[in-house]
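A.B. asks: from the sequence below, what's the structure:
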Amino acid sequence: MIGLISATAAGAAARDRLAAAWPDRTRVYDGPVGDAVRRAFAECEQLVCFLATGAVVRLIAPLLRDKAADPGVVCVDEGGRFAVSLVGGHGGGANELAREIGELLGAEPVVTTATDAVGVPGLDTLGLPVEGAVAAVSRALLDGEPVALHNESLWPLPPLPVAAEGAYGIRVTDRLVEPSEREVVLRPPTLVVGVGASKGAPAEEVLELIGSSLREAGLSPKSIAELATVDAKAEEPGIVAAAERLGVPLVTHSAEELAAVEVPNPSDAPLAAVGTPSVAEAAALVRGGELLVPKRKSAATPAMATCAVVRRPVRGRLAVVGLGPGARDLLTPRAKAELRRASVLVGLDQYVDQIRDLLRPGTRVLESGLGAEEERARTAVEEARKGQAVALIGSGDAGVYAMASPALAEASDDIDVIGVPGVTAALAAAALLGAPLGHDHVSISLSDLHTPWEVIERRVRAAAEADIVVTFYNPRSRGRDWQLPKALAILAEHREPATPVGVVRNASRPDESARLTTLAALDPATVDMMTVVTVGNTATRDIAGRMVTPRGYRWQEGAK
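C.D. replies: Coordinates of the predicted model:
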């Protein structure tokens, strides 16, 4: 919960904007400011104080105890110009909260945490349990000292300015190792613990078994990703409580699924009880991996719990990112986050240039020229299979005439794929024209480099006969100058010469242009590959110079 505190009318107005935007995340604290801050500090994970930073410093100073437990605090000035991350930038999430507030209120986020200021990921912000000399290693990264990365788990990490060797180190491992005085250990969630239990097995017995099994195998409990068991034990109190106390999800599988898993130690007892010859081993192995701890029974008499431990295969991460039509303010926050998370960026050189300034230091960039789409897709997938965090970029929406299709054709289920939508050229052009896509519409590429013209023509004809608004991508180039006139002629067989047509070039870019013409008046020679052409349907109208297609099949009475 985010506590909101203000002292003036201007502060209260900004406070209320946050409260209205985030009704489920915020709580307004009224009354004397000092009392409100103290109550919010004790009750909330984060605070937003619409007060001077000096006043907030004096109020919270006696309350501060531990940066790992204190809430994050953001101050917003009286004029709403700045959102200052004051306390708990990383641990309390104040840095990210300041950025969110900045976007919502139009304020400038002020973040002074050293790693954030220079674009280096904070070691305590990677989403992994961290141990060791975080401050010392972070300082070494900031000072440019050589820091060695030992990624034993091949876990996908954001870019870090690391070296092959160095006096300082970052170790990514699920093994039970103690970090040295110049080392940080990151614990990736690589371990799946399969658990079986008799009815009424106590949580303490389950936890002691898991703990001793991991210790003897030299594995860290902080790397447990999940507990897994059979569906029949989904509500077994001891297993449920063990997962809660470990802070990991409990995942269940059907007896049929588990019975199909080959295990080294099947047994008749679970087969009779729940319908599978193995629970612990099979539940841990059901999605593959390396069996590190075969089935073990608890030391209690009688033994009421079993467990097995598997190191699951590490999966690389491929984010397919749509950059939008070109303008920076049409690049989504999610796309920006994925660009900063990626350790490897793959893309067309001109698209890489658009967002190069958003990449973190150390990002490896693999760029190529026009016409190498399939090669880029293969490269991105190959890098993800190596355990890298990869961003594959495309303009507009990466799934629309862009890189998502060839990438997913290459990818199998051994990597995680994340799609990040973007504003398409058709949508950017439509916004400039008015509302041409108010009813059913279709996008058709007129490039016959990958699709036979016979197929394209059949699709154009179908759209013409169905009276659907059409947006043409790739309408005309120097080597393809007859396809657009042909497509327009097909549409003209079913639409009046006065049908509105929108022509938009370089939508959202500095040299953008948009004009409204008609089906009869459009000169194809004025169109190139940087242009999208939108042809209205029989209901589309030119209203005050704007291209408008009604939401219904008929215009409301009086519309012109």
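A.B. asks: can you list contacts of stretch 462-472?
C.D. replies: Contacts to stretch 462-472, defined as C-beta atoms under 8 Å, 6 or more residues apart in numbering, come from residues 426, 429-430, 436-437, 439-446, 460, 484, 487, 490-491, 493-495, 532-538, 540, 549. For glycine as for every other residue, the C-beta is placed from the backbone atoms N, C-alpha and C.
A.B. asks: buried residues, that stretch. List them.
C.D. replies: Neighbour-count burial for stretch 462-472, with 16 or more other C-beta atoms under 10 Å as criterion, is recorded at A463, A464, D467, V469, V470, T471, F472.
A.B. asks: likewise for stretch 18-32?
C.D. replies: Here stretch 18-32 shows L18, A19, T26, Y29 as buried, counting by 16+ other C-beta under 10 Å.
A.B. asks: of those residues, which belong to strands?
C.D. replies: Using DSSP state E, the members of those that fall within strands are T26.
A.B. asks: closest one to P333 out of the buried residues of stretch 18-32, please.
C.D. replies: L18 (16.9 Å; C-beta to C-beta).
A.B. asks: now do the contacts for the closest one.
C.D. replies: By C-beta under 8 Å, 6+ apart, the neighbours of L18 are I2, L4, T26, V48, I101, L104, L105.
A.B. asks: at 10 Å instead, please
C.D. replies: Neighbour list for L18: 2, 4, 6, 25-26, 28, 48, 50, 76, 100-101, 104-105 [criterion: C-beta atoms under 10 Å, 6 or more residues apart in numbering].
A.B. asks: how about P264?
C.D. replies: S278, E281, L285, L291, P294, K295, A308.
A.B. asks: filter those residues to the buried ones?
C.D. replies: S278, E281, L285, L291, K295, A308.
A.B. asks: for the second one, give its distance to V240.
C.D. replies: Read it as E281. 21 Å (C-beta to C-beta, to the nearest Å).
A.B. asks: same check, this time on the third one
C.D. replies: When distances are taken as C-beta to C-beta, L285 and V240 turn out to be 22 Å apart.
A.B. asks: in space, what's closest to P146 - neighbours in sequence excluded?
C.D. replies: G166 (3.2 Å; C-beta to C-beta, 6 or more residues apart in numbering).
A.B. asks: hang on, the one you found packs against A140?
C.D. replies: Yes. Taking C-beta atoms under 10 Å as the definition, G166 is a contact partner of A140 at 7.6 Å.
A.B. asks: shared neighbours, those two?
C.D. replies: P146, V147, R182.
A.B. asks: quick one: the first one from P361, how far?
C.D. replies: Right, the one you point to is P146. 15 Å.
A.B. asks: neighbour count: the two, which is higher?
C.D. replies: With neighbours defined as other C-beta atoms under 10 Å, P146 and P361 compare such that P146 has more, 15 against 12.
A.B. asks: may I see the buried residues of the helix or strand of the chain with the lowest mean pLDDT?
C.D. replies: In the chain, no helix or strand scores lower on mean pLDDT, DSSP states H and E than helix 114-118, which sits at a mean of 71. The neighbour-count check on helix 114-118 (16+ other C-beta under 10 Å) flags T115, D116 as buried.
A.B. asks: now I60: which helix or strand?
C.D. replies: helix 53-60 (DSSP states H and E).
A.B. asks: past that helix, which element shows up next along the chain?
C.D. replies: Assigned by DSSP H and E, the successor of helix 53-60 is strand 72-76.
A.B. asks: ok, then the element right after that next one?
C.D. replies: Assigned by DSSP H and E, the successor of strand 72-76 is strand 82-87.
A.B. asks: and that following strand, how far out from the chain middle?
C.D. replies: The chain centroid and the centroid of strand 82-87 are separated by 25 Å under C-alpha atoms, centre = their mean, to the nearest Å.
A.B. asks: now the one helix or strand C49 maps to: average pLDDT?
C.D. replies: Assigned by DSSP H and E, C49 belongs to strand 46-50. The average pLDDT for strand 46-50 rounds to 92.
A.B. asks: if we can go back for a sec, for the buried ones among the contacts of P264, which one is nearest R175?
C.D. replies: Once C-beta to C-beta is applied, the member of the buried ones among the contacts of P264 that ends up nearest R175 is L291, at 16.2 Å.
A.B. asks: local confidence estimate at T540?
C.D. replies: 95.
A.B. asks: I should have written S223 there, sorry.
C.D. replies: So S223 comes in at 96 (pLDDT).
A.B. asks: that one - how many residues pack around it?
C.D. replies: Neighbours of S223 (other C-beta under 10 Å): 21.
A.B. asks: likewise for A69?
C.D. replies: Counted with other C-beta under 10 Å, A69 comes out at 10.
A.B. asks: please produce TSV containing the contacts of P264, extended by secondary structure and distance to H90.
C.D. replies: TSV is the format used below for the contacts of P264 (DSSP: H, G, I helix; E, B strand; the rest coil; distance: C-beta to C-beta, whole Å):
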residue	secondary structure	distance to H90
S278	coil	42
E281	helix	39
L285	helix	36
L291	strand	36
P294	strand	40
K295	strand	40
A308	strand	36
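A.B. asks: looking at these, which is nearest G419?
C.D. replies: L285 (29.6 Å).
A.B. asks: hmm, N265 and the closest one touching each other?
C.D. replies: No. Between L285 and N265 there is no contact under C-beta under 10 Å: 11.3 Å.
A.B. asks: find the residue closest to V504 in space, skipping its chain neighbours.
C.D. replies: Once flanking residues are discounted, V504 sits nearest to A429: 3.7 Å by C-beta to C-beta, 6+ apart.
A.B. asks: so who does the one you found touch?
C.D. replies: Taking C-beta under 10 Å, 6+ apart as the test, what A429 contacts is 325, 436-437, 471, 502-508, 512, 514, 531-534, 547.
A.B. asks: kindly recompute the last result at 7 Å.
C.D. replies: A429 sits next to G502, V504, A507, V532, T534 when contact means C-beta atoms under 7 Å, 6 or more residues apart in numbering.
A.B. asks: run a quick neighbour tally on the first one.
C.D. replies: Counted with other C-beta under 10 Å, the burial measure for G502 works out to 26 neighbours.
A.B. asks: residue numbering should commence at 424 henceforth.
C.D. replies: Okay, using 424 as the starting number, the last item reads as G925.
A.B. asks: which of the three states applies to it?
C.D. replies: At G925, secondary structure determined by DSSP: H, G, I helix; E, B strand; the rest coil is strand.
A.B. asks: does it touch L860 like I think?
C.D. replies: No. Look at G925 against L860 with C-beta atoms under 7 Å: they stay out of range, at 10.2 Å.
A.B. asks: and for E877, the neighbour number?
C.D. replies: Using other C-beta under 10 Å, E877 is surrounded by 8 other residues.
A.B. asks: what's the answer for the one 5 residues further on, then?
C.D. replies: Residues near R882, counting by other C-beta under 10 Å, number 15.
A.B. asks: check T922 too.
C.D. replies: Other residues within reach of T922 by the criterion other C-beta under 10 Å amount to 22.
A.B. asks: how about it: what's its closest non-neighbour residue?
C.D. replies: Excluding the flanking residues, the one nearest T922 by C-beta to C-beta, 6+ apart is L942, at 4.2 Å.
A.B. asks: now the helices for the stretch 674-823 of the chain?
C.D. replies: Taking DSSP state H, counting those that start in this stretch as the test, the helices found in the stretch 674-823 of the chain are 678-682, 691-697, 703-708, 756-764, 772-778, 796-808.
A.B. asks: now the shortest one: buried residues?
C.D. replies: Within helix 678-682, the residues that qualify as buried by neighbour count (16+ other C-beta under 10 Å) are A678, E680, L681, A682.
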